[in-house]
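Colleague: sequence? don't have it. structure:
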């Protein structure tokens, strides 16, 4: 369907693509991978026709279409969300208009045998076929489905685009692209502005997409769930693997090990041939054999091992004193921006060494609560930071707070103390800044380099409470893995705001889920939460199917009567069980409130044993309450 041959892209002193080539087939799902700066985005722009500074051949069938999600752009639309999204169907809507015109023209004519009448009929037939292929007949339904999948509420559809942030407007751009359904879909970091639920919806959409997809992403789970082929860009070359990302990592390692073994065998063979030549070079009786060996040596093509960029972030947290048992205590904290409610009044306690993930849709208050904890914004209620808490805070806009006119070294020198100043070069080296890199000004750094520098700056001081708001933005797979490994060894309390499921998996043991202006506290890992969400979606699907069934005409036959009677009996049993569970939930929640009040009361004077027992009981009750709620929700689906 699409081919690239002999593609060469070079800059002064650097070759980005060294005459590479590959073919994209009709239903390919390709993950495009490589370190930051390897050329992934450039390759997508070349394929989309937006970048022309190259040589080589790009082959693409004329009637095929390419769609590319532009990451950086300004928004000026005066339309509502749904009006802007429906511009994806502009071509199809023109076909509808043409169809109506042709139909009216035929209705006014009676010369059924004339050549002009037959021409109009043929034209109408062609337009009708194109309309059916475009899916325009149910475009409103498609539009609403995609917008809801990407996180928009129905009441958002009719709001002007201008009231939404750039991230939400990017979701509209993504929706338009998905609805256009180009034959080749090029997506460069499409999850940057999506929450976990929207990412999971997009996964399912892309799995069933009718065309080919090339995906650039640092989301390992997304790549594993969507792609079946991986193209790696490595120092100007490409390597093509028929596998998803995780399988590619293993295959790549096997390939490099195999190359190493083949190189050893070749070097052994060359050494044997050279030894024979030197031994018998001056013996006339062996002259013919020596010449044969020399020719054999000349024909050998030396095996090379693929260059591997093994530069990695390498750091450990500076040890810090333990904080008090309670790190953060909140009582009836809430936040409004004008009349807009962001967080309903809520209570919570964050204990020492807890590891919590903040998850939920964008705009539901995750960053707001972080700023409340940091006392960066005003709020209603009481929020206390515990004894001896030393906070390290990485904000979403942390890289923007760096002084763009200072060098990398000067950025750290500004915050270094007398103990760390002599170690600054070593610290920068552990964050992959070496040699001339430390003299670069911040303004010329890439997004990933700025993130690494901001992390290095934050971690110069001892920390026992770490708050990270989207720390993986602009980090590649390798950098994310190293950061995650360092956090696993962090001996303190941790809050992470992230939509990256792979990064959160195994890192946190508790979740604050933000939804409908409320904070739901769950003692889950992110993988367990995703399993629960899958079960809930299955229950909803089953319920929707049963509702469709209930709308059908009811048979008055005896068999139907008996079946209905049995259903009513089962429904009464289910209702009774629901009432029983609701009573148990009430008892459990009352006890949770009692223990929470005891733990938060600083005057109780409990010893460590009492505190630990209450904490253990609270944890068990919260787990029991979560299971009861899940069981209750599942049963409610059957009522």
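Modeller: Perfect, thanks for sending it. Remember, predicted model here, so these are calculated numbers, not experimental data.

Colleague: when you work out contacts or count neighbours from here on, use the C-alpha atoms and nothing else.
Modeller: OK.

Colleague: residue 404 contacts residue 443, doesn't it?
Modeller: Yes: at 4.6 Å, residue 404 and residue 443 qualify as touching, with contact defined as Cα atoms under 8 Å.

Colleague: which residues are common contacts for the two?
Modeller: Common contacts of residue 404 and residue 443 (Cα atoms under 8 Å, 6 or more residues apart in numbering): none found.

Colleague: burial measure for the closest residue to residue 226 other than its chain neighbours, as a count.
Modeller: Leaving out its chain neighbours, the residue that sits closest to residue 226 by Cα to Cα, 6 or more residues apart in numbering is residue 207, at 5.6 Å. Using other Cα atoms under 10 Å, residue 207 has 13 other residues around it.

Colleague: phi first, then psi, for residue 211.
Modeller: phi -110, psi -160 (degrees, to the nearest 10).

Colleague: in space, what's closest to it - neighbours in sequence excluded?
Modeller: Nearest non-adjacent residue to residue 211 (Cα to Cα, 6+ apart): residue 183, at 4.7 Å.

Colleague: tell me who's in contact with the one you found.
Modeller: By Cα under 8 Å, 6+ apart, the contact list for residue 183 reads 26, 64-67, 210-212.

Colleague: check whether residue 499 sits in a helix, strand or coil.
Modeller: Under DSSP: H, G, I helix; E, B strand; the rest coil, the three-state class of residue 499 is coil.

Colleague: heads up, I number from 237, so please use that
Modeller: That works, and once the first residue is 237, the last one we named lands at residue 735.

Colleague: ramachandran angles for it?
Modeller: According to degrees, to the nearest 10, residue 735 has phi -110, psi 10.

Colleague: state the pLDDT value of it.
Modeller: Looking at residue 735, its pLDDT stands at 91.

Colleague: okay, now it: neighbour count?
Modeller: 26.

Colleague: and for residue 725?
Modeller: Using other Cα under 10 Å, residue 725 has 11 neighbouring residues.

Colleague: check residue 454 too.
Modeller: Residues within reach of residue 454, counting by other Cα under 10 Å, total 26.

Colleague: now the one 3 residues further on
Modeller: Burial measure for residue 457: 19 neighbouring residues, criterion other Cα under 10 Å.

Colleague: equivalent analysis for residue 363, please.
Modeller: Residue 363: 18 surrounding residues under other Cα under 10 Å.

Colleague: run through who's touching stretch 594-601.
Modeller: 387, 430-433, 578-579, 602, 731-735, 747-753.

Colleague: ok, 7 Å please
Modeller: Residues from elsewhere that reach stretch 594-601 (Cα atoms under 7 Å, 6 or more residues apart in numbering): 431, 578-579, 602, 732-735, 747-753.

Colleague: what subset of those is buried?
Modeller: Among the contacts of stretch 594-601, those classed as buried by 16 or more other Cα atoms under 10 Å are 431, 578-579, 602, 732-735, 747-751, 753.

Colleague: tell me which of those residues fall in strands.
Modeller: 578-579, 732-733, 747-751 (DSSP state E).

Colleague: among the residues you listed, which one sits closest to residue 496?
Modeller: Distance to residue 496 across those (Cα to Cα) is lowest for residue 732, with 40.5 Å.

Colleague: identify the bridge partners of the closest one.
Modeller: Beta-bridge pairing for residue 732 (DSSP bridges): residue 593, residue 704.

Colleague: for residue 579, same thing?
Modeller: Beta-bridge partners recorded for residue 579 (DSSP bridges): residue 571.

Colleague: verify the stated contact: it with residue 573.
Modeller: No: contact criterion Cα atoms under 7 Å: residue 579 and residue 573 do not qualify, at 10.0 Å.

Colleague: doesn't residue 702 belong to a strand?
Modeller: Yes: counting by three-state DSSP, residue 702 is part of a strand.

Colleague: tell me, how many residues neighbour it?
Modeller: Residue 702 has 22 nearby residues by other Cα under 10 Å.

Colleague: show me what contacts it?
Modeller: 627-629, 729-731.

Colleague: between the residues you listed, which has the most around it?
Modeller: residue 730 leads those on contacts (other Cα under 10 Å) with 24 neighbours.
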